[in-house]
Structure formats: C-alpha cells, structure tokens
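1. compute the structure for the input listed below.
(chains A and B)
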Amino acid sequence: MFDTIVGRTHPMFAATAMVVGLLAVPPQAAAQPAENGRLQLGTTDTDKTVDVARGARLTLDNQAGEVVVRTWDRDAVRVQARHSTREQVDVSVSEGQVRIRPGRNGRWGAHGSIDYQITVPAWMPVRLSGTYLFATLEGVQSEVSAETVQGDVVVRGGAGQVTARSVEGLVTVNDAKGRIEARSVDGDVTITGCSGDIVADTTDGVIRITGSAAMSIDASTIDGDIVFDGTVNNEGQYRMVTHDGDVYMRVPENTSATVSIRTYEGRFTSSYPVELSGDYQRGRRVSFTLGGGAAAVEIEAFDGHIRILKPSDALPDPTAKR
Amino acid sequence: MTDNFTSRLSEYIDDELDAGERAAVETHLEGCAECRESLDGLRRVVARAGDVTDAPPDTDLWPAIATRIGAAPAQRPPVWQRRVSFTLPQAVAAGLVLVLGSAIGVWTLVSGTAGGPAAAPDATRAGVVRANLADETYDHAVSDLELVLAEGRDRLNPRTYAVIERNLRAIDRAIAESRRALEADPGNVYLNNHLATARQRKLSLLRHATALAHTEG
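-> Below is the predicted model of the structure:
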C-alpha cells in the first residue's frame, strides 16, 4: 500500500497513460483464453518458480486482487499470477527475502488488480499487504501477516506471530498457534481451533472464538457481540469487553475459573448455579467461581447481556441478531 | 467464608471502601484463608485488565511511511496556511508529524503514564485510569487528527472513508454514553476505565485512518 505514494499521479495523466498503454498492448497478448474457454481481453499469466533457502521470508505487496497462498514440500516458491497485460509481476530474491510486487512496466499510475496463487514451503514466514486485497493463507506453519483495507483475510494455520487485519472485511483465523492477532474495524472476527494468546478486536462487528484452547484472550468490540465457546485453561486469563453487545461464554462443566463481570445497564444470566458476590449493574464488579476458580475471566458489557452457558445450551447466532 | 466480606472484596480492590470498612476487611483477611484466596483470584483478573491496553497500536504505519517520504518532516506551517501552501509530500509529512505528535500526547494521557493532571491516576486505585470529562488536550488531539483525516479524504476510497466515519460515530456514541453515566457517578471505577478505553480506541482509529489517507492513492 505504500507504493501508491510515489505512484500517485494526476487523473488526466493516468487516463492518458491508460489509453497509451492499451494501444501499446501486443496483439498476441491482448486476447487470452480464459479458463472457461472464452476470450478475456488484455489478461496474461505469470508463472515463476524460485528456489529458496531455509530461513527465507516471503513479502508480497498487492494493491488490489486476490492472493491465495498454499504450501508444498519443496524449498521453492511458485508464483502464479493473472493480471492485465499492462502489469508486470516482479519476483526478487535477496538477503533471505522473496519479494513479490507489481512491476512498473515503464509507466506511471496506480497498479491494477493482480490475482495470485502462491505456493511456498510450509516453514516460510509470509507477509501480505494491500489496499483492495483479499487474502487466503493455508497451511503455513510459520509467522503470518496479512493486512488489507477493503477485503477479507482468511488464515488457516500459522505459528508464532499470526496477524490478520482488515478495515472493512471479515477476518478469520483457524488452527493457528502462538500469538494470534485478528483485527477488523467494520467486520466480524472469527477465530477457530487456535491455541496460544489471542487478541481479537473490531469496532462494529461480532467476535467469535470457538474450539480454541488459548492461554489468554483479549477480545474487544464496541458495537457487537462476543461469543466464546471453548475450554478454559486453569492457568489462563481471558478478557472480553463490549459496549453495545452481548457476551456469550459457553464452557464445559469441569471449568475452573474465577469470573468477574461488569455491566452498567445490562443483565447477567448463567446456566451454571453461581453465587454472585453482590449486586451487579451500575458498573459494579461482581464475581463468582466455576469449579475451583483457577482461571481468571473478566467480562464487561456496558449495555449488553452477559450469559454463561453450558455445552448443552444453544449458542445464539449474533449475525442473525444484527 | 463470610458472605459479608466476600461481597466487599471487589470494592476493596477498587478502593471503594471507606477507611473503617477497609480496615475491617483487612482484619478479616488476616484470619480467613478462603477470602485471601478469593482476593488473589480477583487481583489476577484485575491485573489482566492492566496488562491489556497500553501497547502502541499495531496500526502504526509511521515507520514505513517515514522511510518512504524521507523522514524529513517539513516545518509545519500555521494551520490556516496548510491547505494552500503545501505540496503533496509536504502535506503528507506535516500531517503525519501532527498525527504522531497528537497521538503520542494523548496516548500517554489516556494510558495514565503522563504526569499531567488529566492523566494522573488516583494513586489509591491501582489499575484505574481516571477520565477527565473536561479534557481539552484530548479534544484538541482529536480535532487535529480529524482535520488531517479530512485533508486526506480525497485520497481515501469513498467507501472506506464512509466506513471509518460510521465507526467513529459508533465510538462517539459509546463515549457519550459513558460520559453521561460518569457524570451521574463520577467515582465509578468501571465507567472511568470504560470511557478511557473508548477514547483510546477513537484515537487509534483516527490515527490508523489518517495514515491510510496518506498512503492510499
């Protein structure tokens, strides 16, 4: 996304460049058969494979388009891209880094959309960024970072620092382990089957954390529900905070946790028999224990309902509610 | 365990008891292992809250931006001259310097690390960030960031700008509701923390949005 600073240009110049670029397209490249057999004007494919040494990292900057990253058992990176004939894909390898970015192709102006399919070794750390980027990463067993403005991010796998961020898109992280950071501004955040430390944040969206065995969770939203459905580690620390939403925490019967709740104008209900340490509401902290009270759980909902559920209870569908 | 004391432990942690009540709880704690254990559990919960919020925003795009623009911030002209006298790179640099300065100032303010009166935490209430309802420094910082964001509006996708505006309004509603509640109950620990967190969130989003506005094209 930083490339655009130097690439910004006057709209009239951009339009002129576009026309000149179109006129300059070689005839053999101007019409390519698409996968469905129909001709697709002005597209071409890039397919490059480069060998990499262990320890190398992958960085991809893509202004717009879809990027799908998968893994294989070769120490090599394959870059397959579909893009306009006016675009180039630049794959460089240096100093332990494979860098993929749009080439300038001798012209000015913002880059067009490029769709990538990239295959990497599972051990390779991957970093993706873009503005209109839709990112999917599957099977990477190393650090992962995917950041976009308009677009969804889906990460399946990842270890160590796993970062998935969007401004206006859905963020999904599955089966990652380590320090997991999933953030959106205007989209839901869904985390499934993860372990380690989880930070989940959005402003106008639902946060769902299911099937995870996290040691710590810090989940926060302003205008959305938080749903936790999983196990609580006896040594764990969990914090879930919303302003104008509900918090649902469904935990197994053998859970051992000291639960602290705070709400100002909301309500509290529990499927487990609990004895509150005082009156709740008006922001007063009250607490209770489940089992031996080992883990620390803190739940805040300014104007929402806090519900502690058993596995036999149905979880509400926050999406339907919204 | 004595229910009467158990129910006071949260207030004890939050220092919401008067001196006599506090002394009574402490006397009880000396002889009640179960209550001490409950207190330890509560303290761990509260400590967790203190660990969570003060990390710098990961939306900090400044280092990369600074690298790209040469990190030589132009001398910032008066606000009233900015729109007519800046070239694009100067505007970017000046805007981001403003963003950075504002954000750092308010960050320290709301995180309770600054020494100013607005940020000074009540020393008797560990972990509590006292929100100041008449907080000119915060308001000025927000105004500066909003100004910079407005100046970069044309460089943001209109849909993105609308989304950011809508989310800022959602945060503003949360701030307003917290303020109203706090005006009725100024000593409420939860409300103080909640308001401070909402303000911090607004600053983070403004900062993120402003950085985006000066990097998108």
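
2. OK, contacts around the closest residue to A:Y280 other than its chain neighbours?
-> Leaving aside its chain neighbours, A:Y280 sits nearest to A:V286 (4.6 Å; criterion: CB to CB, 6 or more residues apart in numbering or on different chains). Just so you know, the C-beta spots here come from the backbone N, C-alpha and C atoms, and that holds for glycine as well. By CB atoms under 8 Å, 6 or more residues apart in numbering or on different chains, A:V286 lies in contact with A:260-262, A:268, A:276-280, B:10.

3. which strand or helix spans A:Q161?
-> A:Q161 is part of strand A:159-165, with elements assigned from DSSP states H and E.

4. can you list the strands that that strand pairs with?
-> Sheet pairing of strand A:159-165 (DSSP bridges) gives strand A:144-147 (parallel), strand A:177-183 (parallel).

5. partners of the very next helix or strand once past the longest one, with directions?
-> Moving toward the C-terminus from strand A:177-183, the next helix or strand (DSSP H and E) is strand A:189-192. Sheet pairing for strand A:189-192, assigned by DSSP bridges, gives strand A:171-174 (parallel), strand A:207-210 (parallel).

6. I'd like those as CSV, with mean neighbour count and mean pLDDT appended.
-> Output for the strands paired with strand A:189-192, formatted as CSV (neighbours: other CB atoms under 10 Å in any protein chain shown; pLDDT from 0 to 100):
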stretch, mean neighbour count, mean pLDDT
strand A:171-174, 24, 98
strand A:207-210, 24, 98
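
7. so which of those is nearest B:L17?
-> B:L17 lies closest, by CB to CB, to one member of the strands paired with strand A:189-192: strand A:207-210, at 34.6 Å.

8. closest to A:G224 out of the strands paired with strand A:189-192?
-> strand A:207-210 (6.7 Å).

9. re earlier: secondary structure, neighbour count and distance to B:H28 added to the contacts of A:V286, as TSV?
-> Below are the contacts of A:V286 laid out as TSV (DSSP: H, G, I helix; E, B strand; the rest coil; neighbours: other CB atoms under 10 Å in any protein chain shown; distance: CB to CB, whole Å):
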residue	secondary structure	neighbour count	distance to B:H28
A:S260	strand	25	20
A:I261	strand	25	24
A:R262	strand	28	24
A:F268	strand	20	26
A:L276	coil	15	19
A:S277	coil	23	14
A:G278	coil	15	16
A:D279	coil	9	20
A:Y280	coil	19	23
B:S10	helix	23	15
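
10. pipe these into TSV and attach pLDDT per row.
-> Converted to TSV, the contacts of A:V286 look like this (pLDDT from 0 to 100):
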residue	pLDDT
A:S260	95
A:I261	95
A:R262	94
A:F268	95
A:L276	84
A:S277	74
A:G278	76
A:D279	81
A:Y280	80
B:S10	68
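
11. so which of those residues is the closest to A:S166?
-> Using CB to CB, the contacts of A:V286 come closest to A:S166 at A:R262, 29.3 Å.

12. got the residue ranges for the helices in the chain?
-> By default, I'm working from chain A. A:3-7, A:11-23, A:27-30, A:318-321 (DSSP state H).

13. right idea, wrong chain: chain B
-> Under DSSP H, chain B gives helices at B:3-6, B:9-13, B:19-31, B:33-52, B:62-69, B:79-85, B:88-111, B:136-151, B:158-184, B:189-213.
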